[in-house]
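K.L.:
Sequence and predicted structure are below.
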Amino acid sequence: MASSVRFGRECNVVLVTTAALLAMTFGLPGQSQAAGGPPVPGLHAYTHGHAMHADPPDRVGGALTVKVSQKNGSTRFVLPGPRFLDPSVFGTPKNPVGFDPAPFPLLGVSLNMRNSHGGAYTFANHATPFSDWREVGVGSVKMTVVDQTAIDGARTKDKIDFDATFKAPDGNEFRVVCKKPLPHGMAYPFFGGVVTNHLMHGGTGIGTRLMPTEFVYAAFWGVGDIYKNGKIINKNHMVHVMVTEVVRGDNYKLQFDGGVGNPPQGLTMHLMVPPFRPTKKGLVPDPLRTGFVPFPFVKKHMEQTMKMVSKLPKAEREKKMAILKQVKELMGHTKQHVMEQMKAGKMDGQPFFHVMFGNIKMSAK
């Protein structure tokens, strides 16, 4: 167990071996390995190799336009919490994988950020946007994306027109507007900013490994603005959206790879606004100024989880209660850190969004 568990401005960077490695990974295209060190694992070298392509090719078959909409439909506002680690994605303490360096939680999970129990990994020891806890709400979205550029490059023909509104559990209304695609990725490809009909996350190395491997009908990475009750709170922020197969099971449990698509279940839209702002030198930390304090809602869900576990047979109950005790400690440290950072004026509530839209309509041509 790590001694401190946090999410916030100064604590969202995976502890990699050197500062130079991190700067190289998320800066402008260049080397694919640190000076005198081993190559960076994953898709870093491929992505850097394509990022300055002056004229990236179009996708086979030409441009594809995808439109998605929802009006006053169901949303799920995902609360910060633990994400359990799929052995098919992260391996075991004896044979670990999935530790690609990146600012947490955008890609891999470093070894010192993993809890273990009984010879297996349990959950990441930092709070994540990928918990099983959520609050139901209402929201609307309009999205039109054009997928024309096939791979990363210095420029793109892809297009984004995205506008979403939703309410946080405390009743405040937020709006996310994005119209500018990011033409190339940093640690993994962005496919010109928009991609369609692709596998992402999990074992693919494209996007955070904390989400399971999932089929993505349409996704984008862009630069947008965030509003709270009509007032802008973050400008030129990183925005990631994807329309996927459903990856949640009973009790909103975020599945491991083996539980996704068995059987296939409908569509869902994920709106991710991580605590980062894209710049010419790479991503820089920039927590959202939401003012939303999630911990009363987290406490409610934690109590509900413990109540369900208390009804299990003794052996299974004792094993899961031991892990839940660690989860409670995790969230206790997280709450303490966030409240201290808010008091010091360094944070203003939950620094990221993960909102899911469940009543979307999609068309493509």
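P.N.:
Here it is on my side, so go on.
K.L.:
make it CA atoms for all contacts and neighbour counts henceforth
P.N.:
Noted.
K.L.:
Give me the phi and psi for the residue of the chain most remote from its centre.
P.N.:
Computed with C-alpha atoms, centre = their mean, the residue of the chain farthest from its C-alpha average is residue 314, at 35.1 Å. As for residue 314, its main-chain torsions (degrees, to the nearest 10) stand at phi -50, psi -50.
K.L.:
From residue 226, how far off is it?
P.N.:
Separation of residue 314 from residue 226 (C-alpha to C-alpha, to the nearest Å) stands at 47 Å.
K.L.:
Let me see the contact set for residue 50.
P.N.:
151, 152, 153, 184 (C-alpha atoms under 8 Å, 6 or more residues apart in numbering).
K.L.:
SS state for it?
P.N.:
helix (DSSP: H, G, I helix; E, B strand; the rest coil).
K.L.:
Could you report the pLDDT at it?
P.N.:
With respect to pLDDT, residue 50 scores 94.
K.L.:
What segments of the stretch 151-300 of the chain are helices?
P.N.:
Using DSSP state H, counting those that start in this stretch, the helices of the stretch 151-300 of the chain run over 295-309.
K.L.:
Which parts of it are strands?
P.N.:
All strands of the stretch 151-300 of the chain, identified by DSSP state E, counting those that start in this stretch, fall at 159-167, 173-181, 194-200, 214-228, 231-245, 267-273, 276-279, 282-285.
K.L.:
Reformat the ones you listed as CSV; add mean neighbour count, mean pLDDT and distance to residue 57.
P.N.:
Written out in CSV, the entries for these read as follows (neighbours: other C-alpha atoms under 10 Å; pLDDT from 0 to 100; distance: least, C-alpha to C-alpha, whole Å):
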stretch, mean neighbour count, mean pLDDT, distance to residue 57
strand 159-167, 21, 98, 15
strand 173-181, 21, 98, 16
strand 194-200, 20, 98, 14
strand 214-228, 22, 98, 18
strand 231-245, 20, 98, 23
strand 267-273, 21, 97, 28
strand 276-279, 19, 93, 24
strand 282-285, 18, 90, 24
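K.L.:
any chance of the ones you listed in JSON lines, with distance to residue 123 too?
P.N.:
Below are the strands of the stretch 151-300 of the chain laid out as JSON lines (distance: least, C-alpha to C-alpha, whole Å):
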{"stretch": "strand 159-167", "distance to residue 123": "29"}
{"stretch": "strand 173-181", "distance to residue 123": "30"}
{"stretch": "strand 194-200", "distance to residue 123": "21"}
{"stretch": "strand 214-228", "distance to residue 123": "20"}
{"stretch": "strand 231-245", "distance to residue 123": "24"}
{"stretch": "strand 267-273", "distance to residue 123": "21"}
{"stretch": "strand 276-279", "distance to residue 123": "23"}
{"stretch": "strand 282-285", "distance to residue 123": "24"}
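K.L.:
Select, out of those strands, the one closest to residue 326.
P.N.:
Among the strands of the stretch 151-300 of the chain, strand 267-273 comes nearest to residue 326, with 26.5 Å by C-alpha to C-alpha.
K.L.:
what angle sits between that closest one and strand 231-245?
P.N.:
140 degrees (axes from the mean of the first three to the mean of the last three C-alpha atoms, to 10 degrees).
K.L.:
Residues contacting strand 267-273, please?
P.N.:
By C-alpha under 8 Å, 6+ apart, strand 267-273 touches 237-246, 352-360.
K.L.:
coming back round to it: which one of the contacts of residue 50 has the most neighbours?
P.N.:
residue 152 (31 neighbours; other C-alpha atoms under 10 Å).
K.L.:
mind listing what it touches?
P.N.:
Residue 152 neighbours (C-alpha under 8 Å, 6+ apart): 47, 50-51, 53, 56, 183-185, 189-193.
K.L.:
Repeat the analysis, applying 10 Å as the threshold.
P.N.:
Going by C-alpha atoms under 10 Å, 6 or more residues apart in numbering, residue 152 touches 46-57, 182-186, 188-194.
K.L.:
Repeat that for residue 157.
P.N.:
55-58, 63, 146-150, 181, 183, 192-194.
K.L.:
Please list only the buried members of these.
P.N.:
For the contacts of residue 157, a burial check counting by 16 or more other C-alpha atoms under 10 Å picks out 56-58, 63, 146-150, 181, 183, 192-194.
K.L.:
Tell me where the chain is predicted with low confidence.
P.N.:
Counting by pLDDT under 70, the ranges of the chain that qualify are 1-37, 264.
K.L.:
Could you list the domains of it?
P.N.:
Here the domain parsing of the chain from automatic domain parsing is 64-292+350-364, 295-343.
K.L.:
Could you tell me the angle between whichever strand or helix holds residue 141 and strand 194-200?
P.N.:
Residue 141 belongs to strand 134-147 when assigned by DSSP states H and E. Orientation check (the same axes, to 10 degrees): strand 134-147 against strand 194-200 gives 120 degrees.
K.L.:
and strand 134-147, which strands flank it?
P.N.:
Here strand 134-147 has these sheet partners by DSSP bridges: strand 64-78 (antiparallel), strand 159-167 (antiparallel).
K.L.:
For residue 306, find the nearest of these.
P.N.:
Using C-alpha to C-alpha, these put strand 64-78 closest to residue 306, at 18.7 Å.
K.L.:
Do a quick rundown of the strands in the stretch 1-150 of the chain.
P.N.:
According to DSSP E, counting those that start in this stretch, the strands that the stretch 1-150 of the chain contains are 64-78, 114-117, 120-124, 134-147.
K.L.:
okay, these in CSV with distance to residue 222 next?
P.N.:
Below are these laid out as CSV (distance: least, C-alpha to C-alpha, whole Å):
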stretch, distance to residue 222
strand 64-78, 16
strand 114-117, 30
strand 120-124, 27
strand 134-147, 11
